[in-house]
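Asker: Please work out how this folds:
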Amino acid sequence: MSIENENIMGYQVVYSGVNACIKQIVSWIEAGKKGKYFVCANPHALEVAKSDKIFSQAIKEADLVVPDGIGIIIASKILGGQIGERITGSDIFWELCLALNGRGHFRYFFLGSTHETLTKISDKMKLDFPFIEVVGIYSPPFKKEFSANDNLLMIETINQAKPDVLWVGMTAPKQEKWIYHNRHSLDVKFIGAIGAVFDFYAGNIRRSSSWFLNHGLEWLPRLLQEPGRLWERTLISAPLFLMSVLADRFRKILQ
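Answerer: I've put the predicted structure just below:
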């Protein structure tokens, strides 16, 4: 079983669709693979990665990169690619939960956010997915860089809990870089960098309505809810990314 990717500005982004992604992830977990991880590609992330080599490498070495953002779909069309649908972190989280809940007993660990949010997630998981056991939650210290002791404690706590799946919600690029640096020390089959999904699932932040989701405008209500955090990625990173895509397309035409 395999998924198919295409090159978006130097990154291999999946175009096979969410169902194929879930089948691939489940096969990794059931085969007992260790350290497989997925990240979300959106225009802001790929712009930030231009000036952050570790973040760029974390995306490039991910086992699965999903097209999270209408800007990635537009880029694919400009570059003559085949990406036809967005796959968000929420999509992967929810669909994988459904798949694993229906297969038997699997174990989750949630790393990131606040203890209050993690407790909400744990309680909600018991109701929504009773056949998935939350074996651990951990809220790391809120600091720009974790110390060696911080990382050691997180890794030991996770490994002692023996989860099948580790969900990391620290915001990008911190979460992707943490996974990239520590994945080989983690006794975990699959790791997902899902950022804001923690707040969505806990009910702290409301996701956009289906109309906005279906029309590629999920970013608009989120921008209105969190203008201080999201204005740069929406009004600066996205246009810069599309300009880079257009420039790349014209270079290829002229070659």
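
Asker: Could you use CA atoms for every contact and neighbour count after this?
Answerer: Will do.

Asker: For the protein, give me the ranges with low pLDDT.
Answerer: 1, 206-235, 255 (pLDDT under 70).

Asker: Strands of that one, start to end?
Answerer: 5-8, 11-14, 36-41, 64-67, 106-112, 132-138, 165-169, 190-193 (DSSP state E).

Asker: Including distance to residue 202 and mean neighbour count, could the ones you listed go into CSV?
Answerer: CSV is the format used below for those (distance: least, Cα to Cα, whole Å; neighbours: other Cα atoms under 10 Å):
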stretch, distance to residue 202, mean neighbour count
strand 5-8, 32, 17
strand 11-14, 28, 22
strand 36-41, 20, 25
strand 64-67, 22, 25
strand 106-112, 12, 22
strand 132-138, 13, 20
strand 165-169, 12, 24
strand 190-193, 16, 25
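
Asker: I'd like to know which of those strands is closest to residue 180.
Answerer: Proximity to residue 180 (Cα to Cα) singles out strand 36-41 among the strands of the chain, at 8.7 Å.

Asker: next one: the closest one to chain centre, how far?
Answerer: 5 Å (Cα atoms, centre = their mean, to the nearest Å).

Asker: Keeping just the C-alphas, turn that strand into CSV.
Answerer: The C-alpha trace of strand 36-41 is given here as CSV (Å, rounded to 0.1, in the frame of the first residue of the first chain):
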residue,chain,number,x,y,z
LYS,A,36,6.5,7.5,11.4
TYR,A,37,5.1,11.0,11.5
PHE,A,38,3.0,13.4,9.6
VAL,A,39,2.9,17.2,9.2
CYS,A,40,0.6,19.7,7.5
ALA,A,41,1.8,21.8,4.6
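
Asker: Sheet partners, orientation included, of it?
Answerer: strand 64-67 (parallel), strand 190-193 (parallel) (DSSP bridges).

Asker: Redo these as JSON lines? Include distance to residue 73.
Answerer: JSON lines is the format used below for those (distance: least, Cα to Cα, whole Å):
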{"stretch": "strand 64-67", "distance to residue 73": "7"}
{"stretch": "strand 190-193", "distance to residue 73": "20"}
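
Asker: one step back: redo the strands of the chain as TSV? Include distance to residue 121.
Answerer: Formatted as TSV, the strands of the chain follow (distance: least, Cα to Cα, whole Å):
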stretch	distance to residue 121
strand 5-8	32
strand 11-14	28
strand 36-41	20
strand 64-67	23
strand 106-112	9
strand 132-138	9
strand 165-169	11
strand 190-193	15
